[in-house]
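*Asks:* Fold the stuff below for me.
(2 chains)
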Amino acid sequence: MNRGMAWTILSGVLNVATVLLLAPLFQGILRKITARIQSRQGPPIWQPYFDLLKLLGKEDIESGETPPMQRFAAYLSLATVLALACLVPMGLAVPMNGAGDVILLIYLLTLSGICTLLAGLAAGSTYSLLGISREMMSMITLEPLLVVVLITAALHVHSLRLDSVLSGYLYATAGIPWSGLILLGVMLLAFQAFVQRVPFDISEAETELMEGPLMEYSGPKLALFKYAQMAKLIIYSAIFASLFLPWGSHLVFPIGWLLFWIKVLALVLVVTLVAATHARYRIDQAIRYFAVLLAVAAVGLALASYGY
Amino acid sequence: MIARDRLEQLRLKFGAAIQRADFPADNRLFVHVEPAAVKSMCQYIFRDLDARYVISIGVDDRPYSSHFLVAHNFAFDPDHLLCSVLVELPPDQPSIESISDVVPAASWAEREMRDLVGIEPIGHKYLKRLVLPDGWPEGVHPLRKDARWDAIPADFSEDRELTFDDPPEGCMVVPFGPFHPTLDEPAHFRLYVEGEMVRGCEYRGFMAHRGIEKLAESVMSYNDIPMLAERICGICGCVHSVAYTQAVESAVALKPPPRAEYIRTIMLEIERLHSHLLWTGLACHILGFDTLFMQSFRIREPIMWIAEKITGNRKTYALCQIGGVRWDFTPEVKVELRQTLDKLEAEWRPIVAAVSGDKNIQKRTRGVGVADKKLVKNVGLVGPVARAAGVDMDCRRDHPYAAYDRVEFNVITAKDGDVWSRLLVRMQEVFESIRIIRQCLDKMEDGPLQLEIKDELPIGRIGLSSIEAPRGESHHFVITGENNRPRRWRVRAPTYQNLQGVPAMIKDQQIADMTISLGSIDPCFSCTDRMETIDLRSGAVRVWSQQELLKLTQGRKA
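*Replies:* The predicted structure follows:
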């Protein structure tokens, strides 16, 4: 029992460390490739590490309407993402499998959206309020999508356990896995919105809302928020890979692990490409788009409940 | 004789009210009328004869003729005619009947006239200050001749905050500019927002005062002013320099040598090329499409290099003098310019194809920021904004200047009047500009660059010049004067009219569309913010002596 406990904690720490270490690297790759698409030299791949270090070393300024809430939102944002890291497999088994189920996962993902709301409320400016109203609107339509996907997977394995749901059992039915394929399509189309990149970076929209909820952030607190955003990209990619791209993950340690990270990298590349070739949507256009996806996802769920 | 026909029409209708009239050339008409008849005449010209409103100018002419002068300028585009309706006003308490209820486009010009020259437009519905800051004392009018160009009234309170109108009920005020990533310009919009919908707005601009017109009228000389005019704008500077020069030339009936005209044409088109590429990039950036922003700027860069090769500067070409130009085209430069154009055309074509077929961009721009034909007419919108609404208007064809009467090109129009149409019009105009430059290079004849001017320029003549800047018509009005400088010089940049259309364009739209709607007129705030008597930088006033300024503007010669 004790050894099991130690292993759980160790693998949790390992996951958190992996996310913290790799998140800026993936961001760096994303920026470099974006630059290449735009005929630019682009910053070195290590730049996000330096950016974070620079921000962390700056003076910690209190600003906005309620500075304590602003600070709390920044801490909570990174903490939520790191807690998520303990619940999502990163190439190995789910570390803290016993600590919670997929419902907790959904709560934590929602909580990270709530951090943005808190940040916007703390700033209290017109632009940040506009930003959080957009954030809220997209959360209301996006979260159900994720719920539908996870529930469908849970239906297939008849369990809410993390390790069973997050192991590609979306396809584990006899015959053609219709529901799995439908949800794969839906998630792929909504992925850009989950990781909040163009064309769905609506709540920050630099050229409209001046970063919206984040506008009052600077220095170390901004670093925490940025870190959380980078980590989010990895975590969503990891969830996506475990749900929809299970092939090869069960192979022996280095191969399965490597394959997993190659899949995550591929997802980051897709995100980069889409972001570099699109203009930002307006919030009403985005919501309409999400609503269509949600309707399709519901069809998938219905199919899944009949075993397709 | 179209000018005479138009005059006959006016004589038939107004007869005795016309004091005198003058058409120095067939493309200019000056009509002096009684103050009482000015409003009905402007209404007749604007509504019945369907002329386009250009600008109104207030002039303090007391030192020369002991009265004030007001000019309402109109353009008969299909007739290739610019017309000025002139009114003389008594020297004390000058006032004139406002024409803004029959010609809505005159609203700003009349408010400005009231601020700067102190001519009261009687019956104007919204007499809030336009140009002068709220802390400026009443009764001090910087553009009057008895106001010194470097004087600051003792009771000017610089720190006084702007006063704003009350927002409509149920609306939140969203401040927009001067510190906004897409409006880092000295302009301030207060948007009245209900949820995500914009219900109205108030605009306060004119925050950067450079005193350009006053300087020109009181300190500089004819050939210094092109340099000053060029500094009105950081993007279409050459336009202002050429427009001023042409206004003076048209006033005193000078015609520059043909080679100079071709060179002016080429430089104006080079300027249009880089301006349109810049705009396309910025518009995409506003929409969050940064890849196209970067690619536009990459393609644009060689244009800047060739401009530098021709004139010594990427921008601010220092091209014009009265009666000619400064820079010549060597055969090598001609070859290089052709190569640059070929490369530009080859790179621009795929981008136009990609954008034209992009559903994503269309989603954000179709039906957004619509200015229909009616708005174009009423507010006097010009340039790509007008052409995108299907108004076939282009000063290069309608009021030909420089060498535009010797080249062939199409006037690109669209029909929807939305941001998407403006994007299409501008992207296509790039190809027309390339075509024009190529024809100029073919046709350019050898010869002098500069007209020999032996006599002093005659005094008291009025000159008008309209030029198709990248953003629309730039109109300059000049009255020649003593001391080798104009008595009055009025610049009307295209943004001056186009900005007045923005409130109507953004009304009842999503706030997310505000930035691209405003961006789609390609606003140039520095062109609009032209006037004041003093240069206030961080509160410290720097006083330039005449000698210092002369040295400054003639640095190249010294």
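
*Asks:* ok, what's across the strand from the closest residue to residue B:61 other than its chain neighbours?
*Replies:* Closest residue to residue B:61 apart from its sequence neighbours, by CB to CB, 6 or more residues apart in numbering or on different chains: residue B:69 at 4.6 Å. (Glycine included, C-beta is placed from N, CA and C.) Beta-bridge partners for residue B:69, by DSSP bridges, are residue B:59, residue B:88.

*Asks:* any weak-confidence spans in the stretch 401-550 of chain B?
*Replies:* Applying pLDDT under 70 to the stretch 401-550 of chain B flags residues B:525-550.

*Asks:* ok, now how distant is residue B:155 from residue B:138?
*Replies:* Distance of residue B:155 to residue B:138, given as CB to CB, to the nearest Å: 10 Å.

*Asks:* sorry, back to before: wait, isn't the residue nearest to residue B:61 in contact with residue B:86?
*Replies:* Yes - between residue B:69 and residue B:86 there is a contact at 6.3 Å, judged by CB atoms under 8 Å.

*Asks:* and the gap between the residue nearest to residue B:61 and residue B:45?
*Replies:* Using CB to CB, one gets 18 Å for the distance from residue B:69 to residue B:45.

*Asks:* now do residue B:438
*Replies:* Distance of residue B:438 to residue B:45, given as CB to CB: 39 Å.

*Asks:* okay, the two: which has more neighbours?
*Replies:* Neighbours were counted for residue B:438 and for residue B:45 using other CB atoms under 10 Å in any protein chain shown; residue B:45 has more, 24 against 18.

*Asks:* Return the residues in contact with the residue nearest to residue B:61.
*Replies:* Residues near residue B:69 by CB atoms under 8 Å, 6 or more residues apart in numbering or on different chains: B:58-59, B:61, B:86-89.

*Asks:* If we use 7 Å, what do you get?
*Replies:* B:59, B:61, B:86, B:88 (CB atoms under 7 Å, 6 or more residues apart in numbering or on different chains).

*Asks:* likewise residue B:21?
*Replies:* B:7, B:30-32.

*Asks:* Now do the nearest residue to residue B:13 once chain neighbours are set aside: how many residues are near it, please.
*Replies:* Nearest residue to residue B:13 in three dimensions, chain neighbours excluded: residue B:44, at 6.0 Å (CB to CB, 6+ apart). By other CB under 10 Å, the residues close to residue B:44 number 17.

*Asks:* isn't there a strand covering residue B:44?
*Replies:* No - assigned with DSSP: H, G, I helix; E, B strand; the rest coil, residue B:44 falls outside any strand and is helix.

*Asks:* For chain A, see how far away it is.
*Replies:* Residue B:44 sits 44 Å away from chain A, going by CB to the nearest CB, to the nearest Å.

*Asks:* do residue B:512 as well
*Replies:* Taken as CB to the nearest CB, the span from residue B:512 to chain A is 5 Å.

*Asks:* What values do phi and psi take at the residue of chain A found nearest chain B?
*Replies:* Chain A approaches chain B most closely through residue A:280 (3.1 Å), counting by CB to the nearest CB. Backbone dihedrals for residue A:280, given as degrees, to the nearest 10, come out at phi -70, psi 140.

*Asks:* Might you report the residue contacts of it?
*Replies:* So residue A:280 contacts A:198-199, A:201-202, A:205, B:287-288 (CB under 7 Å, 6+ apart).

*Asks:* where along the stretch 151-300 of chain A do the helices fall?
*Replies:* A:162-165, A:178-194, A:206-209, A:219-244, A:253-276, A:283-305 (DSSP state H, counting those that start in this stretch).

*Asks:* Indicate which one of those is closest to residue B:206.
*Replies:* When the helices of the stretch 151-300 of chain A are compared by CB to CB, helix A:206-209 sits nearest residue B:206, at 24.5 Å.
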